[in-house]
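A.B. asks: what follows is a protein structure lacking sequence information:
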């Protein structure tokens, strides 16, 4: 009922931001998704058909039920004004420009309505309306064995990068994917170790100059080695800080879990940790509390606070004690490999029962 161009319109609306003291999305993303969801359920094209008011009312009611702590008022007013006065020709032109830009830059497009859209992302509260990617996008079955190696952009010189690279190599050797964010530091070295089965989810459009600049060569190698670059943002969208925060939910969302190598107590990595825990994903954190020459370093204060029940995570990201209890501390690489072996046995069992009525929950 929606064309590819119209799904791109949704991704354009999602990407629109308001600049100010704090950069924020112009349209509430949860509400925007509920509008799409309810329009599909009612077989009404929100851009063209009559019945818009009914769709907006249903989306609003579901929003209140799903997000009781959020105030619908102003959010709904903005969304209603958008769709009841929608400039279809203007946005269709924008969508066609993005589609042409994608074709010119060898960017492939999968919409939320397509059969090959990743199952893991469909389960998110706000799945990407469109996935834009370069390279090879792993199938759902391949993603059953996938993790995100993440951490600070400025790891300590002795441990951080080496551990991230070793983890990447271990995942690669065991047939697991590493899907991270191509940031410098821990992300970067995790990608290097797992070249051959790694992908990066970016906070920018794939037709813009890649950030960070120093990892452009690594991005090229990822694609050349059976990997991928992915974004939920239209190809022309330039990087802005809020896009990296939104991107973080996709790292945990696309994979079966995350592994935090090193993080300070105010790092953007904590956004991904919170997303992972809220999504019910396996959340591993390197336990450095017994490493004498590391445990006092600023770059691992987040590790310690995540693993110590007495420590409180507070600041830009707040993680409740209840969520923290789900975090798994890992002291040695071998211990983690044994965990993965156990996961693999469950995955193999699951696929041996794939035609049965009941399947074992893997994670």
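C.D. replies: Perfect, I can see it now. Not measured: the values here are computed from a predicted model. Residues are numbered from 1 along each chain as shown.

A.B. asks: any idea how far residue 257 lies from residue 89?
C.D. replies: In this view, residue 257 and residue 89 are 44 Å apart by Cβ to Cβ, to the nearest Å. Heads up, the C-betas are built off the backbone N, CA and C, glycines and all.

A.B. asks: quick one, phi psi at residue 24?
C.D. replies: Dihedral pair for residue 24: phi -140, psi 160, per degrees, to the nearest 10.

A.B. asks: ranges for the helices of the stretch 51-200 of the chain?
C.D. replies: 52-66, 72-84, 88-104, 119-122, 140-143, 160-173, 186-193 (DSSP state H, counting those that start in this stretch).

A.B. asks: what's the angle from the first one to helix 72-84?
C.D. replies: With axes from the mean of the first three to the mean of the last three Cα atoms, to 10 degrees as the criterion, the two stretches helix 52-66 and helix 72-84 enclose an angle of 150 degrees.

A.B. asks: helices or strands up against the one helix or strand residue 246 maps to?
C.D. replies: Here residue 246, judged by DSSP states H and E, is contained in helix 241-254. Where contact means 3 or more Cβ pairs under 8 Å, 6 or more residues apart in numbering; DSSP states H and E, helix 241-254 is packed against helix 119-122, strand 146-150, strand 177-180, strand 198-201, helix 269-278.

A.B. asks: kindly recompute the last result at 6 Å.
C.D. replies: Contacts defined by 3 or more Cβ pairs under 6 Å, 6 or more residues apart in numbering; DSSP states H and E place helix 241-254 against helix 119-122, strand 198-201, helix 269-278.

A.B. asks: and for residue 242, nearest residue in space, chain neighbours not counted?
C.D. replies: residue 23 (4.9 Å; Cβ to Cβ, 6 or more residues apart in numbering).

A.B. asks: no, scratch that, I was asking about residue 111
C.D. replies: residue 7 (4.0 Å).

A.B. asks: now swap in residue 223 and tell me
C.D. replies: Nearest non-adjacent residue to residue 223 (Cβ to Cβ, 6+ apart): residue 135, at 4.1 Å.

A.B. asks: that older thread, TSV for the helices of the stretch 51-200 of the chain, including mean pLDDT and distance to residue 225?
C.D. replies: Output for the helices of the stretch 51-200 of the chain, formatted as TSV (pLDDT from 0 to 100; distance: least, Cβ to Cβ, whole Å):
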stretch	mean pLDDT	distance to residue 225
helix 52-66	97	40
helix 72-84	97	42
helix 88-104	99	22
helix 119-122	98	22
helix 140-143	98	15
helix 160-173	96	10
helix 186-193	98	10
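
A.B. asks: mind giving me the domain ranges of this structure?
C.D. replies: 4-104, 110-345 (automatic domain parsing).

A.B. asks: chain center to the first one, what's the gap?
C.D. replies: By that I understand domain 4-104. Between the centre of domain 4-104 and the centre of its chain there are 20 Å (Cα atoms, centre = their mean, to the nearest Å).

A.B. asks: compute the first-to-last residue distance for that domain.
C.D. replies: 17 Å (Cα to Cα, to the nearest Å).

A.B. asks: same thing with the last one?
C.D. replies: Distance across domain 110-345, first residue to last, is 31 Å (Cα to Cα).

A.B. asks: ok, residue 323 - how many residues close by?
C.D. replies: Look at residue 323: counted by other Cβ atoms under 10 Å, it has 17 neighbours.

A.B. asks: for the helix or strand where it lies, list every residue counted as buried.
C.D. replies: Assigned by DSSP H and E, residue 323 belongs to helix 321-324. With burial defined by 16 or more other Cβ atoms under 10 Å, the residues of helix 321-324 counted as buried are 323-324.

A.B. asks: so for that helix, what's the average pLDDT?
C.D. replies: Per-residue pLDDT over helix 321-324 has a mean of 92.

A.B. asks: next SSE after that helix?
C.D. replies: Counting by DSSP H and E, what follows helix 321-324 is strand 328-330.

A.B. asks: what helices or strands is that following strand leaning on?
C.D. replies: Packed next to strand 328-330, using 3+ Cβ pairs under 6 Å, 6+ apart, are strand 282-286.

A.B. asks: what's in contact with the helix or strand following the strand it packs on?
C.D. replies: Where DSSP H and E defines the elements, the next helix or strand beyond strand 282-286 is helix 301-307. For helix 301-307, the external contacting residues (Cβ atoms under 6 Å, 6 or more residues apart in numbering) are 263-265, 267, 285-288, 311, 313, 327, 329.

A.B. asks: now stretch 123-138
C.D. replies: By Cβ under 6 Å, 6+ apart, the list of residues contacting stretch 123-138 reads 7-8, 10-11, 14, 29-30, 33, 107-112, 121, 177, 206, 223, 226-232, 253.

A.B. asks: for stretch 35-46, same thing?
C.D. replies: Contacts for stretch 35-46 (Cβ under 6 Å, 6+ apart): 1, 51, 55, 58-59, 83.

A.B. asks: point out the most buried one among the domains of the chain.
C.D. replies: Most buried of these, by mean neighbour count (mean count of other Cβ atoms under 10 Å): domain 110-345, with a mean of 20.
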